[in-house]
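Chemist: Sequence below, structure please.
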Amino acid sequence: MKPSPSSEPITKEIFIEARPETLFSFFTDPDKLVRWMGRHVLLEPSIGGKYRIDVNGSDIAMGEYKEIIPNEKIVMTWGWEKSKIVPPGSSTVEFKLTPKDNGTLLTLTHSNLPASEVASHQQGWTHYMTRLQTLAQGQDPGIDPWSELAMHEND
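Modeler: Below is the predicted model of the structure:
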């Protein structure tokens with residue numbers, strides 16, 4: 001049985017006025033990560049370590065850390081706890097932090113997603129990267145409105 005064809009990777013770039021060292025902690029410190037994504041976050045930020053991000057009480061992203069280069073890059077597998085389409089560990093998300101001017105160019109690449117899932121994940125990363133940018137630049141993005149919505153009810 002062939003797996004469903006994966007699409008072209010999603011790639012997003014955003015410039016954040018914060019140093020890579022500052023930004024890096026927003027991916028490895030659960031108290032910081034939960035301020036831009038999810039309601040409850042469990043992280044083991046080491047190679048092979050697991051993470052669990054409860055976005056809204058029913059959608060739970062899970063996977064494990066594959067590569068961690070402090071202040072430069074984080075690679076993790078990605079999927080959704082109850083999903084048959086994108087199960088935990090079935091896709092890969094890479095965050096690259098490149099120093100630029102007075103801040104960091106954050107490049108996200110999400111690969112191995114089924115084509116049918118690209119649009120929703122594009123929208124999701126746009127939402128969360130904007131929240132991360134606000135937070136890392138010292139403002140409060142407030143409660144995530146998505147933490148009150150269920151996305152994968154009928155998956």
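Chemist: make it CA atoms for all contacts and neighbour counts henceforth
Modeler: OK.
Chemist: State the distance from residue 133 to residue 11.
Modeler: 16 Å (C-alpha to C-alpha, to the nearest Å).
Chemist: Strands of the chain, residue ranges please.
Modeler: Here the chain has its strands, by DSSP state E, at 10-16, 40-43, 50-54, 60-69, 73-80, 91-100, 103-111.
Chemist: between the ones you listed, which gets nearest to residue 123?
Modeler: Smallest distance to residue 123 across these (C-alpha to C-alpha): 10.4 Å, for strand 10-16.
Chemist: Of all the residues in that closest one, which ones are buried?
Modeler: 10, 15-16 (16 or more other C-alpha atoms under 10 Å).
Chemist: Quick one: residues contacting residue 112.
Modeler: Each residue near residue 112 by C-alpha atoms under 8 Å, 6 or more residues apart in numbering is listed here: 6-9, 90-92.
Chemist: What about it? Give its phi and psi, please.
Modeler: phi 70, psi 30 (degrees, to the nearest 10).
Chemist: any idea which of the strands of the chain is most buried?
Modeler: strand 73-80 (a mean of 23; mean count of other C-alpha atoms under 10 Å).
Chemist: picking that back up, can you redo the contacts of residue 112 as JSON lines with pLDDT?
Modeler: JSON lines is the format used below for the contacts of residue 112 (pLDDT from 0 to 100):
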{"residue": "6", "pLDDT": "68"}
{"residue": "7", "pLDDT": "76"}
{"residue": "8", "pLDDT": "90"}
{"residue": "9", "pLDDT": "95"}
{"residue": "90", "pLDDT": "97"}
{"residue": "91", "pLDDT": "97"}
{"residue": "92", "pLDDT": "98"}
